[in-house]
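Enquirer: Curious how this folds, go ahead:
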Amino acid sequence: METFTDDQILSTIFGHPITTHTSETPPIHALKQELEAVNLASTDSTKLNDALSILTRLIQSYPDYPSFYNNRAQIYRLNNLTDEALSDLNTCISIGGHPNVMKQAYMQRAILLQERGSEQDVMADFQKAADLGNETAKRHIIDGNPYRKLCGEMLKLAMEANHFNRP
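Expert: Residues are numbered from 1 along each chain as shown. So this is what the prediction gives:
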């Protein structure tokens with residue numbers, strides 16, 4: 001039975017190379033032709049729905065494979081199905097897996113929680129993603145630091161006061 005990596009699956013679905021660096025690869029020979037038929041180079045809703053259907057079947061076949069939940073959550077996000085995306089991300093995170101999959105899951109969940117205004121949970125997820133090496137999460141943590149914001153505001157006020165007090 002032939003097996004495929006996450007990289008191969010995602011590259012086929014999204015139409016461009018995607019790297020996940022995971023060694024946890026289930027056999028998916030039965031869905032290879034369907035995956036090749038779906039190319040999500042755009043956010044065409046039909047293609048998104050086709051990919052969603054394929055990932056749902058993969059999850060049914062391999063319910064303990066976290067990367068499929070992470071990938072399906074991304075499609076839910078593209079379809080503005082936030083509750084479904086959060087559910088899949090929570091499942092992905094609870095299963096655990098390769099650090100590259102986990103850092104993506106934590107980052108996606110942080111973004112969704114931020115949209116909902118759950119700041120405490122957001123920073124915890126950004127921190128976990130950053131700890132796993134996600135550079136965007138690291139920047140969010142720095143930008144979200146209240147002391148940094150306060151210092152920036154104070155510096156701005158000082159510069160404005162200095163500018164306006166010049167002869």
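Enquirer: from here on, contacts and neighbour counts on C-alpha atoms
Expert: OK.
Enquirer: Next secondary structure element downstream of the helix or strand of the chain with the lowest mean pLDDT?
Expert: Lowest on mean pLDDT, DSSP states H and E among the helices and strands of the chain sits helix 32-37, with a mean of 50. Using DSSP states H and E, the next helix or strand after helix 32-37 towards the C-terminus is helix 45-61.
Enquirer: tell me which residues in that next one are buried?
Expert: K47, L48, N49, D50, A51, L52, I54, L55, T56, L58, I59 (16 or more other CA atoms under 10 Å).
Enquirer: could you say what helices and strands it packs with?
Expert: Identification of packing neighbours for helix 45-61 by 3 or more CA pairs under 8 Å, 6 or more residues apart in numbering; DSSP states H and E yields helix 32-37, helix 66-78.
Enquirer: what's the farthest-apart pair in the buried residues of helix 45-61?
Expert: K47 and I59 (18.2 Å; CA to CA).
Enquirer: who touches D64 in this structure?
Expert: Each residue near D64 by CA atoms under 8 Å, 6 or more residues apart in numbering is listed here: I95.
Enquirer: quick one: what helix or strand has it in it?
Expert: Using DSSP H and E, D64 sits within no helix or strand.
Enquirer: Roughly how far does it sit from N134?
Expert: The gap separating D64 from N134 is 24 Å, by CA to CA, to the nearest Å.
Enquirer: How about S45?
Expert: S45 is 29 Å from N134, where distance means CA to CA.
Enquirer: And D88, by the same measure?
Expert: 20 Å.
Enquirer: circling back: could you dump the buried residues of helix 45-61 to JSON lines with distance to E115 and pLDDT?
Expert: Below are the buried residues of helix 45-61 laid out as JSON lines (distance: CA to CA, whole Å; pLDDT from 0 to 100):
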{"residue": "K47", "distance to E115": "25", "pLDDT": "78"}
{"residue": "L48", "distance to E115": "22", "pLDDT": "82"}
{"residue": "N49", "distance to E115": "23", "pLDDT": "84"}
{"residue": "D50", "distance to E115": "26", "pLDDT": "82"}
{"residue": "A51", "distance to E115": "25", "pLDDT": "84"}
{"residue": "L52", "distance to E115": "23", "pLDDT": "89"}
{"residue": "I54", "distance to E115": "27", "pLDDT": "85"}
{"residue": "L55", "distance to E115": "25", "pLDDT": "87"}
{"residue": "T56", "distance to E115": "25", "pLDDT": "91"}
{"residue": "L58", "distance to E115": "29", "pLDDT": "85"}
{"residue": "I59", "distance to E115": "26", "pLDDT": "89"}
